[in-house]
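Engineer: Have a look; sequence and predicted model below, questions after that.
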Amino acid sequence: MKAAAFIWGLAEATLFFVVPDVLVSAVAARGGPRPGLVAGLAAALGAALGGLIMWLLAHPGVGPGAGPVFSFLDDALPAISGTMIEGVRTAMAGDGWFAAMLAGAFSGTPYKLYATAAGETGLAPLLFVAVSVPARLLRFALVVALAAGFARIAGPRIGERSVLVVLALFWIGFYALFWSLMPN
């Protein structure tokens, strides 16, 4: 499951548009907090690698540059808009880039936009990768706590299979609402 979480984190940090929280929450609901946190850590490490890829693509002189990368993301992926991209660029250009990344982890703004903006601004890549892991892991830890807590409370009453069904229905409903509310 660690490899799947790592790959999901990498994919979501680059081109995929469903968060690894889906897998991390299922692992936590089924196995408890410890396996959930291991999956969350694997997803965070995969996201950091994906973030480095986006940083490289966006950095002037290394990749095609942030403009084409942002344009591609805006055109190709759901729930990304020009307004969202400009908001991330503005937040990452200032001194509060770490706070912007933390806030972004809980706002529905894709991490890939922060990684692209980090490359655009020339933020040190190793610093960005080092900060990405705890920034991503914080949200995954919250998801683990919620999923494992729900499974612990509801599992004895409705069974493990029903817990996973409820979790799947939650994510389906979450994305139906998220994609209907987000532009693009």
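Structural biologist: Ah, there it is.

Engineer: now the longest helix anywhere in the chain, how far from the centre of its chain.
Structural biologist: Taking DSSP state H as the criterion, the chain has its longest helix at helix 125-158. Mean-position distance between helix 125-158 and its chain equals 11 Å (C-alpha atoms, centre = their mean, to the nearest Å).

Engineer: elements contacting that helix?
Structural biologist: Judged by 3 or more C-beta pairs under 8 Å, 6 or more residues apart in numbering; DSSP states H and E, the packing partners of helix 125-158 are helix 21-31, helix 33-58, helix 97-105, helix 111-121, helix 160-181. Backbone N, C-alpha and C define where each C-beta goes, glycine included.

Engineer: Return the set of buried residues in it.
Structural biologist: By neighbour count on 16 or more other C-beta atoms under 10 Å, the buried set for helix 125-158 is 125, 128-129, 131-132, 135-137, 139-141, 143-144, 146-148, 150-151, 154-155.

Engineer: same deal with stretch 79-87?
Structural biologist: Using 16+ other C-beta under 10 Å as the burial criterion, the residues of stretch 79-87 that qualify are A79, I80, M84, I85, G87.

Engineer: Any chance of those residues in TSV with distance to A48 as columns?
Structural biologist: Output for these, formatted as TSV (distance: C-beta to C-beta, whole Å):
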residue	distance to A48
A79	22
I80	20
M84	22
I85	21
G87	22
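
Engineer: Lowest-confidence member of the residues you listed, which is it?
Structural biologist: When the buried residues of stretch 79-87 are compared by pLDDT, A79 scores lowest at 87.

Engineer: is it true that that one touches S180?
Structural biologist: No. Contact criterion C-beta atoms under 8 Å: A79 and S180 do not qualify, at 9.8 Å.

Engineer: In contact with M54, which residues?
Structural biologist: By C-beta atoms under 8 Å, 6 or more residues apart in numbering, M54 lies in contact with A13, T14, V69, K112, A115, T116, G119.

Engineer: And for the closest residue to the last one other than its chain neighbours, the neighbour number?
Structural biologist: If you skip the residues right next to it in sequence, G119 has A58 as its closest partner in space, 3.2 Å away by C-beta to C-beta, 6 or more residues apart in numbering. Residues lying near A58 (other C-beta atoms under 10 Å) number 25.
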